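Asks: below are the sequence and a predicted model for it; my questions follow.
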Amino acid sequence: MSATTTNSNGNGMVVEAKDVTKVYQMGRVEVRALDGVSLVIKQSEFVAIMGPSGSGKSTLLNLIGCLDRPTTGELHIAGTDIAKLSDRKLAQIRGKQIGFVFQTFNLIPRISALQNVLLPMSFVNTFSPSERVKRAQQILDTVGLGQRMKHFPNELSGGERQRVAIARALANNPSVILADEPTGNLDTKTGRSILELFKSLNQQGRTIVLVTHDPNVAANADRIVHVMDGRIQDETFNHAVTVARS
Amino acid sequence: MRLGEILRLSWTNIWNHKMRSLLAILGVLIGVGAVIAIVTMTEGLQTAIETTFTHDILRADTISITSEGGFAFFGSTQAFSDRDVEYIKNLKLSTGESPVKVTDVIGRVRGDVLSFEGRRFLDSTVRVITSPDVIPLSGDQKSQPVTGKGQVLVGVGTAASMCERFKEKDFGSFSDKDKEDFAKLAKDKFDEIIKQDCEHVLKDPRKAELLVCAYKKAKQTNASEITDALKKECADSLTRFTPMADRVRGQTLHLKYLAADSTIKEDDLKIVGIVKDTQFIRSDVSYVSVDYHSDTELLDGTERRVYTGLIVSVNKEFINRLKEVKDALDAYFKSPQADARKILGSEKKVEINTLDEIISQIRGEIGKFTAFMGAIAAVALLVGMIGVMNVMLITVKERTREIGVMKATGATNGGVLRLFLSEAILICSIGALVGVFLGVGGSKLVIKAMEAVFEIKDIPFVFVWVWYIVAVIVGMLVGIVSGVYPAWSAARVNPIEALRYE
Ligand SMILES: Nc1ncnc2c1ncn2[C@@H]1O[C@H](COP(=O)(O)OP(=O)(O)O)[C@@H](O)[C@H]1O
Ligand SMILES: [Mg+2]
């Protein structure tokens, strides 16, 4: 299974942020979660975002994921300026082009692993109803949960749940996977295997943006973006990885 | 999302909170069930009453006259004197024509106590009557109208009470073998008989009496004619009380009553016939002749007989001119000349009704009753609706994080709205559907209870299809109304905040 490349724009840029700010209004207090962020992420890149707690990592990821619009600045996702899009259009982009993976897995507890993977497919009509079950089974197979499809989330271990979550993120075959501290709730060993999964997805051509605290995790990325107080402090390229790939 | 998927997901959510959903469903169910039960019941009651009026009591050519406050012609005040009756018999229209054929009277017997063989009939009452039309005889050819002294017509209920005593004796005289034969006969042949033409006969347990009689008759003749004899008994519905009437006719009832001179009198009355019971000619009412007894009032220095109500039958040519006749009667009872006016004084009016008016009056009464009950049911439904809304708000609150996840994975605001709305509609539809079934079942029970309490018989069970459909649609509407706000607030959830929500 490989990612479709048609979802990105012609110049191969998946994300283009220009001077993006995000201000949250907490009653009278303004919280500047992002304060002038400019960032470009290319097709098939593996980018890690690092920074202390409260620095704005999640906010940046959520904006890239079209969960909200920037307060000011320009943000192009796959070539479209999302600041101008309606809620409905944003939802469509989220459904078709982006797959989210969360720290706390966020599976729906009342339905089986398989149904959790099927859910995003029912929101978006990329795949016809007749293909869906087969596809969901395939994805669960590739994340190593072929035997656990009928299980409910509470019958699965943390690592298995995160695999289901990744399978769900892949359901509509998005070109971009956004992961917010996906290994944060897992032990080191399990975390490593999840990371391997991300790496293999990246090798298939999917763009990965991954927020993490852990330098060892970040070390697997092509590039590490350091965020501090809502700004990008600096970016480091991980040559070992880049060289190894090219 | 496609409808099937939405419904499946909604059902999963409902199923996963069984207790909560059940309570919400129950709220709607009670509301809808109450509405359906009330509608079914009042439809039945209305049908029963109208049937009675059109077929049993009044014909199109009659006008009833009672005092205000009485029901139909059973008004409680004895306000109409024999002078009023005389006047009405000779009533003239402005054209000089005489429209009235007969004027029948209905009156009370005060302080009446009926007993048979020393046993008192507790709820039996005795009335005075002149109309053989108003009280159709049972079809038993041997029954006669009461003509005067010492005669009484009894209602079926009273007759049945008497038969109870006979039956005790009769059954006692059957041998065990006879009883067995009887049970077997009943078992083997009933289906056959019921399929023929007399279902109605056997539905009433009291009419099993008939079978006893028939069986006895059959035994006296030829055993092979048993079914034929039974069939014959059943076939003619008019003769269905004949055996009972045969039993009762000629017996003597003892009546104690308050005479016109305020002394207590006692008398033995011979039963000359049995009276068909209907909703208004109650089965425990017995009838005596006006010549035998009637109360009197001192009017203009003369003691005059008084009655609670009059039934005026007009000549055929005047059936289409009942309004004119009614106006003439009205004019009379408004004039000071009428004795009813003197007795009733200025407060109580005289009510003059044609059959149509009586029926519409009853319809109005039932309508009021239905409206009242309907209002109660509507409140129940409202409470149910609030219950569903409450449950939905809790659900939305609980699933805030899930809403965030669904939005993150591509659900639109509209999609989320539909999901929660469908959950509310599903809850309410289930409630409404089950409510319809329970309402129908419940109304059957209530009809039984009403028949027992009010001694009204044969209230038909009417299927009110339109109402069932309306109920389900209303249930869905209730779902929409109660679900729309929770669903809307779910749709509005900001995904980022929802994902941060603990
Ligand atoms: N929805 C929100 N409403 C108000 N403040 C917010 C919201 N989201 C984030 N913030 C604030 O913005 C800042 C950045 O938050 P976040 O992006 O979650 O940081 P990180 O993920 O790096 O820990 C924090 O100060 C946080 O309190
Ligand atoms: Mg964060």
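Replies: Sure, I can see it. Just so we're clear, the structure is a prediction, and the values are computed from it rather than from any experiment. Ligands and ions are numbered 1, 2, ... in the order given.
Asks: part of a helix, is B:G404?
Replies: Yes - applying DSSP: H, G, I helix; E, B strand; the rest coil, one finds B:G404 inside a helix.
Asks: tell me how far it lies from A:K89.
Replies: Plainly put, B:G404 is 19 Å away from A:K89 if you go by C-beta to C-beta, to the nearest Å. For glycine as for every other residue, the C-beta is placed from the backbone atoms N, C-alpha and C.
Asks: for the residue in the stretch 251-400 of chain B positioned nearest to ligand 1, what are its contacts?
Replies: The nearest approach of the stretch 251-400 of chain B to ligand 1 comes at B:T400, 13.0 Å away (C-beta to the nearest ligand atom). When contacts are counted by C-beta atoms under 8 Å, 6 or more residues apart in numbering or on different chains, B:T400 touches B:V493, B:A498, B:Y501.
Asks: phi and psi next, for it.
Replies: Phi and psi for B:T400, reported as degrees, to the nearest 10, are phi -50, psi -50.
Asks: any idea what sits nearest A:S58, other than its immediate chain neighbours?
Replies: A:D180 (5.5 Å; C-beta to C-beta, 6 or more residues apart in numbering or on different chains).
Asks: for the one you found, give me its contacts.
Replies: A:K57, A:S58, A:L61, A:F100, A:V101, A:F102, A:Q103, A:V211.
Asks: and the fifth one, how many neighbours does it have?
Replies: By the measure other C-beta atoms under 10 Å in any protein chain shown, the count of residues near A:V101 is 25.
Asks: now it: how far from A:I64?
Replies: 13 Å.
Asks: what touches both of those two?
Replies: In contact with both A:V101 and A:I64: A:L178, using C-beta under 8 Å, 6+ apart.
Asks: what about the spatially most central residue of chain A, helix or strand, and which?
Replies: By C-alpha atoms, centre = their mean, the mean C-alpha position of chain A lies nearest to A:L178, the distance being 0.9 Å. Element membership for A:L178 (DSSP states H and E) is strand A:176-180.
Asks: the strand of greatest length in chain B - what's its average pLDDT?
Replies: Longest strand in chain B, counting residues (DSSP state E): strand B:264-275. Mean pLDDT, computed over strand B:264-275, is 85.
Asks: so where do the strands sit in chain A?
Replies: Using DSSP E, strands in chain A cover A:13-26, A:29-42, A:46-50, A:72-77, A:80-81, A:98-101, A:176-180, A:207-211, A:223-228, A:231-237.
Asks: okay if I get those strands as a markdown table plus mean pLDDT?
Replies: Shown next, in a markdown table, are the strands of chain A (pLDDT from 0 to 100):
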| stretch | mean pLDDT |
| --- | --- |
| strand A:13-26 | 92 |
| strand A:29-42 | 94 |
| strand A:46-50 | 96 |
| strand A:72-77 | 94 |
| strand A:80-81 | 90 |
| strand A:98-101 | 96 |
| strand A:176-180 | 96 |
| strand A:207-211 | 96 |
| strand A:223-228 | 96 |
| strand A:231-237 | 92 |
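Asks: residues from the stretch 101-250 of chain B in reach of chain A?
Replies: Contact residues, the stretch 101-250 of chain B versus chain A (C-beta under 8 Å from any C-beta of the partner chain): none.
Asks: any low-confidence regions in the stretch 101-250 of chain B?
Replies: B:131-145, B:160, B:163-245 (pLDDT under 70).
Asks: B:L298 belongs to a strand?
Replies: Yes - under three-state DSSP, B:L298 sits within a strand.
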